[in-house]
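1. Using only what follows, build the 3D model:
(one chain, ligands or ions: 2)
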Amino acid sequence: MKKVEIDNNKIIKKIRGNKVMYKTSNRILNILKSNLDLLLFFIVLFMKVVEYGKQISPQYFDPEVFTPIFASILILLSFSVLFKGKKRFIYLVVIDIIISIILVSDIVYFRYSEDIISMGVVKNAKLLGGVKDAVYKLIKVQDFLYFVDILIIVPLMRFYYEKIDMKIQSLLVRIIVFFMVFMTGTVVDARTFKKVNVEQPTLLTAMSNKIYLTKLIGNLNFHAVDAYNYAATKIKNSKQLPESKKNEIKSYLKKNTTESPNKFTGVAAGKNLIMIQVEALQQFVINKQINGKEITPNLNKWLNKCMYFDNYFYQVAGGTTADAEFMSLNSFYPAESGAAYYTYAGDTFNSIPKELGDKGYYTAALHGYTEGFWNRNVMYKSEKFDDFFGKSSYNINENVGLGLSDKSFLNQAFDKLKKFKQPYDSFLITLSSHYPYNDVTGYENGMDTLDVGEYKNTLFGDYLEGIHYTDKQLGDFLDKLESSGIADNSVIVLYGDHFAIPKENMNDLYKFTGETNNDDLTWYKYQKVPLMIHFPDNANSGVNHTYAGQMDLYPTIANMFNIKNDYMFGKDIFNNNTDRKVTFRNASFTDGNTFYVSWTNTYYDIKTGSKIKETPELKKKKDDSVKELEYSDELLNHNLLKEWVK
Ligand code: GP9
Ligand code: MN
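-> Ligands and ions are numbered 1, 2, ... in the order given. Modelled structure (predicted):
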């Protein structure tokens, strides 16, 4: 019989190995046993937050969001290990209840506004009168399922704490464990935020699309970011502004808004105001053709009945469309970072609807997209619109681009407009011609197409087709205002909100226009949007070459409607004062003769296109631009109108 060599060492090793295995698995088992409560709460909370995500975007729910949800719950639960026994349980139950309340509140608010509750909404809750009444009708029985787990977990946990002898770790161990769990969650979360910040730089600060952001980072992370933004703004604003500074700003504005009357002073008093902000209407398409066909034939026709401003610049920053609204309605600069419509929604404003409302006007904002986008539902209250007809006010019978088609929106808006109590101030924002402009559904409904030739299926070509569609809808709308007689008793103001062609598609734009230069001055020349003002009987029609920007619209309207507002940074376009200039958020500016590009600290002579040296006059204009931006930021950060406006 073959002698079996017994290798004692091997056996000892094996036993030792098993012992270690046994010890380790025993230790893991003990850790699990004494942290079963954590595990249970983690699973329950994870399921709740995922369920919330599924409810707000059933068709767009992306499992990628599991990671940030996992991380956010890990961070929250990491604090529980600092507590012992009963205190830990109380912490876990309280967290569970708070999160459930937040989730149910967000679900109910989402049913009302297709948005998520932010600090701005909470802060302005008093403004959102309608929400309170709607809330009760919007709560559903299944919402209470978010709390059912508490009723099961509490008795279960009592039994657990009685039966399991929790190994109470020393404070040091608990602190180390807390730190490890907290850091794990933080690192994982930070990676998600970094990815979002790279893909959509302003989303975390401008909070333009809060629901979309929530889909990316999860509900708990959204509220953490929102709370951080809110606190950062509060801290920045907490330092009292010295009275001397306040008076400096006030007297600057007083001087800036003291303008002598002109031919247009009071010409529109008592008339309706119809402001139309057109999504991504960039000036280069006006009066242009492609393959023998006009891109915007309707606007080109209407230009001849309007005063058309062909040197009118958009001045938006991180808030894009919302910035265009903010400047046009308030003549304050956009926020230094993020979006004024989010950061300053709780401020006091002396906006156009507020001033016309004080004159007895009925004021309404109309837009076919979700009410909460760009925080409009909150901000329009602060701007004192009587009503905001958002997405829920329309029959969503046709979508082109982001949502309700311009055709359907403008038809339904017209039906509302003609019933408004006169005089009224109406503010319409279109939607279909929105980046990336590639939805040509509108053309399937029998609209004449545009042959964009070599640009077909490029962003540039899609834009031409998209704006061609919107031009048709605007033309029909303006024609109806005319044929119905509304135009006889109204001033119609139409302008683009911001650029359409981003810098990365500059080559197609320059190829189309035959542009040979490509310096900063040339690029800036294309950053214009059309501004058209239609007066009754087509009065004052013609082209106005004054260099102006969106900051100047309110002062221009104020002069025409006899609005006395001492707090505007822009200037009436009809007031041909010499010290007019267009200042951009990055402190670049133009005075119509010179263009200053801040990021290269370069001055250009607009006529010759050549770079020029800084003169004392130009240096003063540069310093004035920086000062104006600083004054606007201080006014908004410290909500100065709250003190100044009675
Ligand atoms: C959404 C629309 C688009 O309501 O105004 O805004 P934008 O993305 O252009 O800022
Ligand atoms: Mn826009």
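2. where does the stretch 451-600 of the chain dip in pLDDT?
-> The model of the stretch 451-600 of the chain has pLDDT under 70 over residues 578.
3. residue in it nearest to ligand 2?
-> Using C-beta to the ion, Asp497 is the residue of the stretch 451-600 of the chain that sits closest to ligand 2, at 4.4 Å. The C-beta positions use only the backbone N, C-alpha and C, and glycine is treated the same way.
4. Buried residues of stretch 268-280, list them for me.
-> For stretch 268-280, a neighbour-count test (16 or more other C-beta atoms under 10 Å) marks 268, 271-280 as buried.
5. can you pull out the helices in the stretch 501-646 of the chain?
-> Along the stretch 501-646 of the chain, counting by DSSP state H, counting those that start in this stretch, helices occupy 506-513, 520-525, 553-560, 616-637, 641-644.
6. elements contacting the helix or strand hosting Pro353?
-> Following DSSP states H and E, one finds Pro353 within helix 352-358. Contact analysis of helix 352-358 by 3 or more C-beta pairs under 8 Å, 6 or more residues apart in numbering; DSSP states H and E lists strand 272-278, helix 320-330, strand 362-367, strand 424-429, helix 553-560 as its packing neighbours.
7. okay, these, which one's buried deepest?
-> Neighbour counts (mean count of other C-beta atoms under 10 Å) averaged over each of the helices and strands packed on helix 352-358 peak at helix 320-330, with a mean of 26.
8. tilt between it and strand 424-429?
-> Counting by axes from the mean of the first three to the mean of the last three C-alpha atoms, to 10 degrees, helix 320-330 lies at 160 degrees to strand 424-429.
9. Is the residue of the stretch 451-600 of the chain closest to ligand 2 in contact with Val316, as I believe?
-> Yes: between Asp497 and Val316 a contact is recorded at 7.0 Å, counting by C-beta atoms under 8 Å.
10. Check which element follows the helix or strand of the chain with the lowest mean pLDDT along the chain.
-> Ranking every helix and strand in the chain by mean pLDDT, DSSP states H and E puts helix 129-138 at the bottom, with a mean of 60. Next along the chain after helix 129-138, taking DSSP H and E as the criterion, comes helix 145-163.
11. centre of the chain versus stretch 318-331, how much separation?
-> Stretch 318-331 sits 10 Å away from the centroid of its parent chain (C-alpha atoms, centre = their mean, to the nearest Å).
12. got it, and stretch 566-582?
-> The chain centre lies 27 Å from the centre of stretch 566-582; the measure is C-alpha atoms, centre = their mean.
13. From start to finish, how long is that stretch in a straight line?
-> One end of stretch 566-582 to the other measures 19 Å (C-alpha to C-alpha, to the nearest Å).
14. mind listing what's buried in that stretch?
-> Neighbour-count burial for stretch 566-582 flags 567-575, 580-582 (criterion: 16+ other C-beta under 10 Å).
15. about what we covered before: buried residues in the helix holding Pro353?
-> Of the residues in helix 352-358, 352-357 count as buried by neighbour count, 16+ other C-beta under 10 Å.
16. ok, back up a step: from the buried residues of stretch 566-582, pick the one nearest Asn298.
-> Ile573 (23.8 Å; C-beta to C-beta).
17. The closest one against Phe309, yeah?
-> Yes: counting by C-beta under 8 Å, Ile573 does reach Phe309; the two are 6.8 Å apart.
18. which residues are common contacts for those two?
-> Counting by C-beta atoms under 8 Å, 6 or more residues apart in numbering, the contacts common to Ile573 and Phe309 are 544, 546, 548.
19. check contacts around the last one.
-> Under the criterion of C-beta under 8 Å, 6+ apart, the contact partners of Ala548 comprise 309, 311-313, 531, 556, 571, 573, 580, 582.
20. And it, how close does it get to ligand 1?
-> 21 Å (C-beta to the nearest ligand atom, to the nearest Å).
21. Can you mark which positions in stretch 225-240 are buried?
-> For stretch 225-240, a neighbour-count test (16+ other C-beta under 10 Å) marks 225-226, 229-230, 233, 237 as buried.
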